[in-house]
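*Asks:* next input, structure requested:
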Amino acid sequence: MLPARFPLCGGGWLYSIGAMHSTSPDYTIRRVLGAALVFFPCAYILVFIMHFRHFADFFVFRTRYVQVPPEKTVAALIRAQNHWPLIHDPHMIGYLSLPVIVLCAFALYLLGREARPLASAATMMITISGTIYMGGVFGMWTAFFRGIGLVDPRYTEGATATFTAMTTPQGAFLVTTTLAKLTMLGLAAQALVMLGTRVVPTWAILCVAAGCSLFLAFWDLDNWMLIGMLLMLAGFVVMRNQLLKEPAAKVSAAAA
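*Replies:* Reported below is the predicted structural model:
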């Protein structure tokens, strides 16, 4: 340990900055938010990978979502009888990871608030609002799949009719799904708020915006959304690094 009177010269000021980083509540919070920026896309990449039955399925690109025949889905779920652990359901992984999106929203707000405070706050609220509705989407699908797994095989026909009615894009289901898209719209807007501010490189901002756009344009198409998440991960890694560097710049200026 260096004594408290150790002068801020030579390597001493570097030590002081490191010590402040290790104990500063602000820096600890930034580390948590930085971790969220990486964890969120990685978790959802796993969710989309788990949707592929075979590796070759990734290369089947479509321009619009085609639902698997409900009778096939229902029959498979009834046969399985929920014998797999709940955490093996990709919808559950996505559901449990949703709070991390809120942390990501706050991380992007911290990056953009110095240059554009009002726009950063407004777009953060869009992301958080969308995350609430996204919880409804994942909650519904998890409940549908686990509920059908409890159905007696004798009632397969009735379960199929019910599942078809409940997953048809209309009414409350359509409203919840549509509002959930505010999540990606908000994240894209939060990134675009930083354009021209030199807070992070332009290419990183465009990666996040492009990833969110792919997610929105090809909703429910797992391979397109997986590519979108990879683009978001590339941009978020850069933003995470900038989030952790910002306090260092402030401490350096104070020490000078």
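*Asks:* which stretches of the stretch 151-256 of the chain form helices?
*Replies:* 156-166, 171-180, 182-192, 202-217, 222-255 (DSSP state H, counting those that start in this stretch).
*Asks:* tell me which of the ones you listed sits most buried.
*Replies:* helix 182-192 (a mean of 24; mean count of other Cβ atoms under 10 Å). Backbone N, C-alpha and C define where each C-beta goes, glycine included.
*Asks:* pLDDT below threshold where in the stretch 151-256 of the chain?
*Replies:* In the predicted model of the stretch 151-256 of the chain, residues 246-256 satisfy pLDDT under 70.
*Asks:* give me that answer again for 90
*Replies:* Across the stretch 151-256 of the chain, residues meeting the criterion (pLDDT under 90) sit at 167-169, 172, 197-198, 220, 245-256.
*Asks:* residue contacts, the residue nearest the centre of the chain?
*Replies:* For the chain, the residue nearest the mean C-alpha position is residue 40 (4.1 Å; Cα atoms, centre = their mean). Residue 40 makes contacts with 97, 100-101, 103-104, 236, as judged by Cβ atoms under 8 Å, 6 or more residues apart in numbering.
*Asks:* residue 156 versus residue 69, what's the distance?
*Replies:* Between residue 69 and residue 156 the computed distance is 13 Å (Cβ to Cβ, to the nearest Å).
*Asks:* one more: residue 60?
*Replies:* Residue 60 is 28 Å from residue 156, by Cβ to Cβ.
*Asks:* same thing with residue 148?
*Replies:* 10 Å.
*Asks:* shared neighbours, these two?
*Replies:* 74, 78.
*Asks:* do a quick rundown of the strands in the stretch 51-200 of the chain.
*Replies:* Using DSSP state E, counting those that start in this stretch, no strands are assigned anywhere in the stretch 51-200 of the chain.
*Asks:* burial count for residue 30?
*Replies:* Around residue 30 there are 20 other residues, counting by other Cβ atoms under 10 Å.
*Asks:* contacting residues for the residue lying closest to residue 87 once chain neighbours are set aside?
*Replies:* Distance criterion Cβ to Cβ, 6 or more residues apart in numbering; nearest residue to residue 87, sequence neighbours excluded, is residue 93 at 6.9 Å. Shown in contact with residue 93 (Cβ under 8 Å, 6+ apart): 43, 46-47, 50, 87.
*Asks:* so which of the residues you listed are in strands?
*Replies:* Using DSSP state E, no member of these falls in strands.
*Asks:* buried subset of those?
*Replies:* Among the contacts of residue 93, those scoring as buried are 43, 47 (criterion: 16 or more other Cβ atoms under 10 Å).
*Asks:* I'd say residue 195 and residue 205 touch.
*Replies:* Yes - counting by Cβ atoms under 8 Å, residue 195 does reach residue 205; the two are 5.7 Å apart.
*Asks:* shared neighbours, the two?
*Replies:* Counting by Cβ under 8 Å, 6+ apart, nothing touches both residue 195 and residue 205.
*Asks:* and residue 34, how far is that from residue 103?
*Replies:* Relative to residue 103, and taking Cβ to Cβ, residue 34 is found at 10 Å.
*Asks:* same question, residue 140
*Replies:* On the measure of Cβ to Cβ, residue 140 and residue 103 end up 24 Å apart.
*Asks:* returning to what we had before: quick one: closest of the helices of the stretch 151-256 of the chain to residue 128.
*Replies:* helix 182-192 (7.5 Å; Cβ to Cβ).
*Asks:* residues in contact with residue 176?
*Replies:* Here residue 176 is in contact with 133, 136-137, 140 (Cβ under 8 Å, 6+ apart).
*Asks:* of the contacts of residue 93, just say which sits nearest to residue 241.
*Replies:* residue 43 (19.8 Å).
*Asks:* which non-adjacent residue is nearest that closest one?
*Replies:* residue 97 (4.2 Å).
*Asks:* gap between the one you found and residue 135?
*Replies:* For residue 97, the distance to residue 135 - Cβ to Cβ - is 11 Å.
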